[in-house]
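Colleague: Sharing a model that was predicted from the sequence below.
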Amino acid sequence: MLALWQVGTLAERIFGSTRFAGLYLLAGVSGSLSSVLWSVLRHAPVSSVGASGAIFGIIGGLLAFLSRPHSGVPPTVVTELRGSLLPFLLFSLWMGFVYPHTDNAAHIGGLIGGWLAGHLLARSIHVPEGRGVVKPGG
């Protein structure tokens, strides 16, 4: 939940509340479907609970947004965010392989679904000049 609070706050500011909700839902569904598919392919039932697939999806959506050339985010901020998000993802996925009861299928499915949704839902945070600015006498 700490990861959701930290990453979710930033993602909601970037995507807006409605698009953030869409990103969260699409990532959660994607993670859940991946978990079910993996369970069927392995012929082994998986008990999966929690929001981690959706949280991975939010990170995927942020990474998709940051990869856009005209996102409006300064390059130094992009570098810093990638520098903190990627190690978190790698460590979390690695720990998921170390601990056998972790549903990495949901994590990876949520990440991929969130990345795709991030590309679909992203909008530039750059406000074009003159938009929303009241000019004197106008």
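Modeller: Sure, I can see it. Numbering: from 1, shown residues only.

Colleague: Which element, helix or strand, includes the residue lying closest to Pro45 once chain neighbours are set aside?
Modeller: Spatial nearest neighbour of Pro45, excluding adjacent residues (CB to CB, 6 or more residues apart in numbering): Ser39 at 5.9 Å. Yep, even glycine has a C-beta here, placed from its N, CA and C like the rest. Assigned by DSSP states H and E, Ser39 belongs to helix 17-42.

Colleague: Repeat that for Ser71.
Modeller: Take DSSP H and E as the rule and Ser71 turns out to sit in neither a helix nor a strand.

Colleague: Backbone dihedrals for it, please?
Modeller: phi -70, psi -30 (degrees, to the nearest 10).

Colleague: How much space separates it from Ser92?
Modeller: Distance from Ser71 to Ser92, counting by CB to CB, to the nearest Å: 24 Å.

Colleague: quick check: mean pLDDT across the host helix or strand of Trp5?
Modeller: Under the criterion DSSP H and E, the helix or strand holding Trp5 is helix 2-15. Averaged over helix 2-15, pLDDT sits at 87.

Colleague: and the angle for it with helix 17-42?
Modeller: When axes from the mean of the first three to the mean of the last three CA atoms, to 10 degrees is applied, the directions of helix 2-15 and helix 17-42 differ by 130 degrees.

Colleague: re the thing from before, show me what the following helix or strand past the helix holding Ser39 packs onto, helices and strands only.
Modeller: Using DSSP H and E, the helix or strand that follows helix 17-42 towards the C-terminus is helix 52-66. Where contact means 3 or more CB pairs under 8 Å, 6 or more residues apart in numbering; DSSP states H and E, helix 52-66 is packed against helix 2-15, helix 17-42, helix 75-98, helix 104-121.
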